[in-house]
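Engineer: Following is a predicted model, sequence given first.
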Amino acid sequence: MKLFVLICFFYLGLGPVKLHAQTLETDAVAENMLVYQRSIGGWPKAVGKVVVDYNKQLSETEKKTIKADSLHNDATIDNKATSKEIRYLVSAAKNKHNPRYLAAAQKGVDYLLLSQYENGGWSQYYPDHSLYRGEITYNDNAMINVLNILQDIVEGKNDFDQLNATYQSKAAAAVQKGIDCILNTQVVVNGTPTVWCAQYDEKTLKPAKARSFELISLSGAESVGITEFLMRIKKPSPAIVNAVKNAVNWFEKSKIEGYDFVFVEAKGTALGKDRVLVKKPGSVLWARFYDIGTNEPFFCGRDSVKRKTVAEIEQERRIGYAWYGTWAEPLLQKKYPAWLKKN
């Protein structure tokens, strides 16, 4: 068994080996992740519209069927797909001393490096670029999840020090390109940099529309993760420092004070509940979407028509999307002041 482990590590280029006398340990979730990994290296978030559940016990027949579909082009970074698998597998590799998990994680990182655009951005899906899937996607922190993994590799943090040493320089180059993309996509309004849209045209780098209710806008949610990633960079350039300060100024300017966005019972409706904006002294919120020209919050149903209040869109969208949130509160109260002292 020791010889087998040694051969696996040598073949996979995984670096120094610490041998263990015991048989290789396995992790049920990690084993399922190996089954679902696509041949290109990434993972799907769902198969046949059914969300992937790694806690489900798969039969041998199910495993064979899933593996037979490994050439499917549904690998994505949406909804933490691929990012969460890579993070889980590097942890499992360390805990179980299993080279198969590290090899799969490394293949996942290869996918992230392969799928980066030359301009530094990442699309929601790769290689599938149909509809809006090819747009550079900050939505739901997709691109930022990728950049945080790559920065972990650069810093040798969170178990990523197990990867082959060559990945450190590869990750550093990809991170720099990602930062360039972030700086180039910060929206400038009347000469002043603000924050970011949730997605951009992959060729022109102009703000773009995604789903019918996700119009071009300034994002009060995704912009937080982008700002915090820039704050993670040690010895930031003047361009990074200015981008962070301008974003924070926008968050201060755009906060909505004295309200909360809450679920309420809605008897007599098909859904049985609703979500409304109510007064709450001391509360601070940000809208998900702000009009680029006016900086006013707007809301949009599946008809793609802008409305001024969330009450004007259909009930299904009111309760099915995060229209308001406290996203920037920890940033303004703790993270930014601490970063400012260092920079």
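Structural biologist: Sure, I can see it.
Engineer: leaving aside the residues next to it on the chain, what's closest to residue 108?
Structural biologist: Spatial nearest neighbour of residue 108, excluding adjacent residues (CB to CB, 6 or more residues apart in numbering): residue 86 at 4.2 Å. C-beta here means a position set from N, CA and C on the backbone, and glycine is covered the same way.
Engineer: Distance check, that neighbour against residue 53.
Structural biologist: 18 Å (CB to CB, to the nearest Å).
Engineer: Give me the sheet partners of the longest strand along the chain and which way each runs.
Structural biologist: Longest strand of the chain, by residue count under DSSP state E: strand 273-287. Paired neighbours of strand 273-287 in the sheet (DSSP bridges): strand 256-265 (antiparallel), strand 324-325 (antiparallel).
Engineer: Buried residues in that strand, which are they?
Structural biologist: Across strand 273-287, burial judged by 16 or more other CB atoms under 10 Å covers 275, 277, 284-287.
Engineer: Distance from that strand to the middle of the chain?
Structural biologist: 26 Å (CA atoms, centre = their mean, to the nearest Å).
Engineer: What mean pLDDT does it get?
Structural biologist: Per-residue pLDDT over strand 273-287 has a mean of 97.
Engineer: Show me what that strand is in contact with.
Structural biologist: Contact with strand 273-287 is made by 220-221, 251, 254-266, 297-298, 309-311, 315, 318-319, 323-329, as judged by CB atoms under 8 Å, 6 or more residues apart in numbering.
Engineer: wait, is residue 29 part of a helix?
Structural biologist: Yes. Judged by DSSP: H, G, I helix; E, B strand; the rest coil, residue 29 forms part of a helix.
Engineer: Leaving out sequence neighbours, find the closest residue to it.
Structural biologist: Residue 29 sits nearest to residue 54 (CB to CB, 6+ apart), 4.6 Å away.
Engineer: beta partners for residue 257?
Structural biologist: residue 284.
Engineer: Need the per-residue pLDDT for it.
Structural biologist: 98.
Engineer: Can you give me the distance of it to residue 282?
Structural biologist: Residue 257 is 8 Å from residue 282, by CB to CB.
Engineer: swap in residue 76?
Structural biologist: For residue 76, the distance to residue 282 - CB to CB - is 39 Å.
Engineer: Which residues are in contact with residue 101?
Structural biologist: 27, 30, 34, 89-90, 92-93.
Engineer: and which of the residues you listed is nearest to residue 340?
Structural biologist: Looking at those and their distance to residue 340, the nearest is residue 90, at 32.4 Å (CB to CB).
Engineer: can you pull the contacts of residue 96?
Structural biologist: Contacts of residue 96 by CB under 8 Å, 6+ apart are 24-27, 30.
Engineer: Please identify which pair of the contacts of residue 101 lies farthest apart.
Structural biologist: Farthest pair in those, by CB to CB: 34 and 90, 13.5 Å.
Engineer: more crowded one of these two?
Structural biologist: It is residue 90, of residue 34 and residue 90, that has more neighbours when counted by other CB atoms under 10 Å, with 26 against 16.
Engineer: The more buried one and residue 167 touch, don't they?
Structural biologist: No. With contacts counted by CB atoms under 8 Å, residue 90 stays clear of residue 167, the gap being 11.3 Å.
Engineer: Just give me the residue right at the centre of the chain.
Structural biologist: residue 142 (2.4 Å; CA atoms, centre = their mean).
Engineer: That one and residue 84 touch, don't they?
Structural biologist: No. Using CB under 8 Å, residue 142 makes no contact with residue 84, being 11.8 Å away.
Engineer: Select, from the buried residues of strand 273-287, the two members most distant in space.
Structural biologist: 275 and 284 (18.0 Å).
Engineer: In the helix or strand residue 147 falls within, which residues are buried?
Structural biologist: According to DSSP states H and E, residue 147 maps onto helix 142-155. By neighbour count with 16+ other CB under 10 Å, helix 142-155 contains the buried residues 142-154.
Engineer: what's the answer for stretch 202-210, then?
Structural biologist: Quick answer for stretch 202-210 (16+ other CB under 10 Å): 202, 205, 207-210.
Engineer: now stretch 246-262
Structural biologist: So for stretch 246-262, counting by 16+ other CB under 10 Å, buried means 246-248, 250-251, 254-256, 260-261.
Engineer: Give me the helices and strands touching the helix holding residue 147, please.
Structural biologist: Helix 142-155 is packed against helix 83-96, helix 99-115, helix 166-185, helix 222-232, with contacts defined by 3 or more CB pairs under 8 Å, 6 or more residues apart in numbering; DSSP states H and E.
Engineer: Tell me which of those sits most buried.
Structural biologist: Greatest average neighbour count among the helices and strands packed on helix 142-155 goes to helix 222-232 (a mean of 23), per mean count of other CB atoms under 10 Å.
Engineer: could you pull out the strands for the stretch 201-343 of the chain?
Structural biologist: Along the stretch 201-343 of the chain, the segments classed as strands by DSSP state E, counting those that start in this stretch run 218-219, 256-265, 273-287, 289-290, 299-300, 306-307, 324-325.
Engineer: how about a markdown table for those, with distance to residue 193 added?
Structural biologist: Formatted as a markdown table, these follow (distance: least, CB to CB, whole Å):
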| stretch | distance to residue 193 |
| --- | --- |
| strand 218-219 | 11 |
| strand 256-265 | 21 |
| strand 273-287 | 18 |
| strand 289-290 | 14 |
| strand 299-300 | 25 |
| strand 306-307 | 24 |
| strand 324-325 | 22 |
